[in-house]
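>>> Generate coordinates for the sequence data below:
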Amino acid sequence: MTVKAAMKRGRVVGFSLLILLGLAPLGARALDRPLTKDDVTLLLIGGASAQKMIAVIEQRGIDFRMNPDLAKKFHDDGASDEVIDALQKAGEKRTGASGPATAGAASENPSPPAPAAAEAPPASGHAPGSASSPAASQSSAEQKIAATLAETSSAPRENPSGLPLPHANPGGLPVAPLFSLPDLDGAALNLADYKGKVVLLDFWATWCGPCRSEIPGFVDLQNRYRDQGFQVIGVSVDESAKPVRKFREQYRMNYPVAMCDRNVRQLYGLSGIPTTLLIGRDGRVYSKVVGASADVGEFDQRIQALLALPASGETTRVQVGNAPALPAGAPLNAQGSGAQSSAPQPSAAQNSAPASSASPGPDSPPAIASHASSASAAKSAPAPNLSDPSPEQIQQIIREFTTKEKLFKLARDAYTFHQINKVEELDADGGVSGMYQQEWDILYDDKGNRIERVTYAPLDTLKQLLISPEDLNAFRNLQPFVLTVDELPDYELKYLGHVKVDELTAYVFSVRPKELKKGRQYFQGVVWVDDRDLQIVKSEGKNVPETRTKHGENLYPRFTTYREQIDGKFWFPTYTIADDKLYFSTGPIHMKEVIRYTDYKQFKASSTVKIVTELPSANPPPKAPTAPPKKP
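The predicted structure follows:
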């Protein structure tokens, strides 16, 4: 769901452009800080006179010690003997052997893990098919699920990047989003072309002083490590390529530079420049630094460690159309029969509203009975087999469940149903301060044309949130999330584990878009796939991308959708809930969203979709809830 924050009704507030420009000087903070090696190089390349160089060195000092190699390097960059002598004297005045703390930079990530001597375990934490304890497997998977869902939070973090901090386990690291941008010569620069290399990705601009100060160091890193599988890539946020070309020649940049666009800014959560990322051979982001580093050489240790790691990762990249098949007669799992239900118990629903009584309220998750067996049979069922499938089986599972999702989507188009959407603003005490609600029936006319007829639409009383056309589109087309085999090439799936969820056992996958294309909305989060029916029975995540521009902010809450078996064949969505805070530039807004899908009835005629915009009489139908519902 898209929500827009407003100072007053109808006036949308935006701030991203101010942040982008306002944070650029962060790396410069104190002009009296000691000079770094890169500061000296920048002054020399920029043509500073010996007299000016000596004055600056004497005034500010340096944060490094001179040595013969540095003296030769500075001579090559144009330093006179007098300047070298001034640097030698300034270095001798330093009281410590190490430089000061990084000024103006936030090194948000620890160094990458040292390469292991033994082969790393698979993503599940134990070998495929092994008899690892169900409790250990469940715990490992739940940790990965929590880490994946943490990426969808809109809450501000210590890490201003918007990307999660890396964990000791590389499986918890975010995957660098792929992009294709024009370089300075008009050719396409594709991040995917650098797969298997360690990449330093630098977002910068020619007008940004702290950005310029880092360029000589990046040139040096490119020279030293390019033959070992390392590549620097610059992404300029300048409005025009012309000044960037001139700058490239002046600063002797020896690495490719592309021109950024708004989609890539959003994709990487760019909040200020310079922003520098280190991407491992496995395509994951191991480090992200916002602001200029006092010494680009601090990247050395991280780069060396990343170069020593293998180009392997836990990401499952789906091969549509030619995924290897399972061995003949091999089952996808060895689970015995058991009760099948994706509905959460009231205490197990992560985002559900707490039940106030034994009987569920109108906004509580449904207590869905098993369709497969009785409660007594469920009690006597054997302990579930939570062994992990092999990589080949994972590919097959993905292909099978996305194919069934396509069949489900076609089947659902032959059903009538009633949909209730409700959104509430909550005050500091949890009380409802504003509400939006809309209900409609999905019906068919005598000719088989499908009609969406609004049946109930009370007055919108939201005070801080605005319901936009994007929201209405999300109600109809984005929720619930359906991942078909046709949409599979747009997404990256990663196997997280084999877990028990309520009365089901399910394979769990993280899902995120490979690339954000203009004008499209995507899902990012986690899906639970029943290991018997191979269908999605639960999903949790949010719609992306969110936008923060000078024209407004569109933010989405994180939602959870539960499905039930309606026809004995497919799992249909019956309940979606979001209880989240959206962090706008004007402050957080606590909102709750509920969507209910009821009264499924099959209609066998072929159909087309037609939206009926006229509203019914002001009186709601008898089945409408007495309390105003919320919007998804």
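
>>> got a pLDDT number for the closest residue to residue 581 other than its chain neighbours?
Nearest non-adjacent residue to residue 581, counting by C-beta to C-beta, 6 or more residues apart in numbering: residue 588, 4.6 Å away. Yep, even glycine has a C-beta here, placed from its N, CA and C like the rest. Residue 588 is assigned a pLDDT of 82 by the prediction.

>>> Now do the helices in the stretch 201-350 of the chain.
Using DSSP state H, counting those that start in this stretch, the helices of the stretch 201-350 of the chain run over residues 209-225, 242-250, 262-267, 299-308.

>>> For the longest one, buried residues please.
Of the residues in helix 209-225, 210-222, 225 count as buried by neighbour count, 16 or more other C-beta atoms under 10 Å.

>>> How is this protein divided into domains?
Domain ranges of the chain: 34-92, 107-112+153-308, 391-612, per automatic domain parsing.

>>> got TSV for those domains, with distance to residue 146 too?
Converted to TSV, these look like this (distance: least, C-beta to C-beta, whole Å):
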stretch	distance to residue 146
domain 34-92	39
domain 107-112+153-308	10
domain 391-612	10
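
>>> List just the one of the ones you listed that sits closest to residue 144.
Closest approach to residue 144 among the domains of the chain (C-beta to C-beta): domain 391-612, 4.4 Å.

>>> for the lengthiest strand in the chain, which positions count as buried?
Counting by DSSP state E, the longest strand found in the chain is strand 587-602. Buried residues in strand 587-602, counted by 16+ other C-beta under 10 Å: 589, 590, 591, 592, 593, 594, 595, 596, 597, 600.

>>> Closest one to residue 189 out of those residues, please.
When the buried residues of strand 587-602 are compared for distance to residue 189 (C-beta to C-beta), residue 589 wins out at 38.5 Å.

>>> Run through the bridge partners of that closest one.
residue 582 (DSSP bridges).

>>> cool, and the one 5 residues further on?
Taking DSSP bridges, one finds residue 422, residue 577 as the beta-bridge partners of residue 594.

>>> Closest one of the buried residues of helix 209-225 to residue 583?
Closest to residue 583 out of the buried residues of helix 209-225 is residue 210 (26.3 Å), distances taken as C-beta to C-beta.

>>> Would you mind measuring from the closest one to residue 38?
In this view, residue 210 and residue 38 are 11 Å apart by C-beta to C-beta, to the nearest Å.

>>> quick one on the thing from earlier: next one: the residue nearest to residue 581 from residue 473, what distance?
Distance from residue 588 to residue 473, by C-beta to C-beta: 25 Å.

>>> what's the answer for residue 578, then?
Residue 578 sits 17 Å away from residue 473, going by C-beta to C-beta.

>>> Among those two, which residue is more densely surrounded?
Neighbours per residue (other C-beta atoms under 10 Å) separate residue 578 from residue 473, with residue 578 holding more: 25 against 14.

>>> Was I right to think the more buried one contacts residue 555?
No: judged on C-beta atoms under 8 Å, residue 578 makes no contact with residue 555 at a distance of 11.6 Å.

>>> ok, and the closest non-adjacent residue to residue 486?
Spatial nearest neighbour of residue 486, excluding adjacent residues (C-beta to C-beta, 6+ apart): residue 406 at 6.4 Å.

>>> picking up where we left off before, for the longest strand of the chain, output the C-alpha coordinates as PDB.
Taking Å, rounded to 0.1, in the frame of the first residue of the first chain, the C-alpha atoms of strand 587-602 are listed here in PDB:
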ATOM      1  CA  GLY A 587       7.700  12.100  11.700                       C
ATOM      2  CA  PRO A 588       6.400   8.600  12.100                       C
ATOM      3  CA  ILE A 589       2.700   7.700  11.600                       C
ATOM      4  CA  HIS A 590       1.400   4.500  13.100                       C
ATOM      5  CA  MET A 591      -1.200   2.800  10.900                       C
ATOM      6  CA  LYS A 592      -3.000  -0.500  10.700                       C
ATOM      7  CA  GLU A 593      -4.300  -2.100   7.500                       C
ATOM      8  CA  VAL A 594      -6.700  -5.000   7.100                       C
ATOM      9  CA  ILE A 595      -7.900  -6.700   3.900                       C
ATOM     10  CA  ARG A 596     -10.400  -9.500   4.000                       C
ATOM     11  CA  TYR A 597     -11.400 -11.700   1.100                       C
ATOM     12  CA  THR A 598     -14.700 -13.600   1.700                       C
ATOM     13  CA  ASP A 599     -17.600 -15.400  -0.100                       C
ATOM     14  CA  TYR A 600     -15.600 -17.100  -2.800                       C
ATOM     15  CA  LYS A 601     -18.000 -18.700  -5.400                       C
ATOM     16  CA  GLN A 602     -17.000 -20.200  -8.700                       C
END
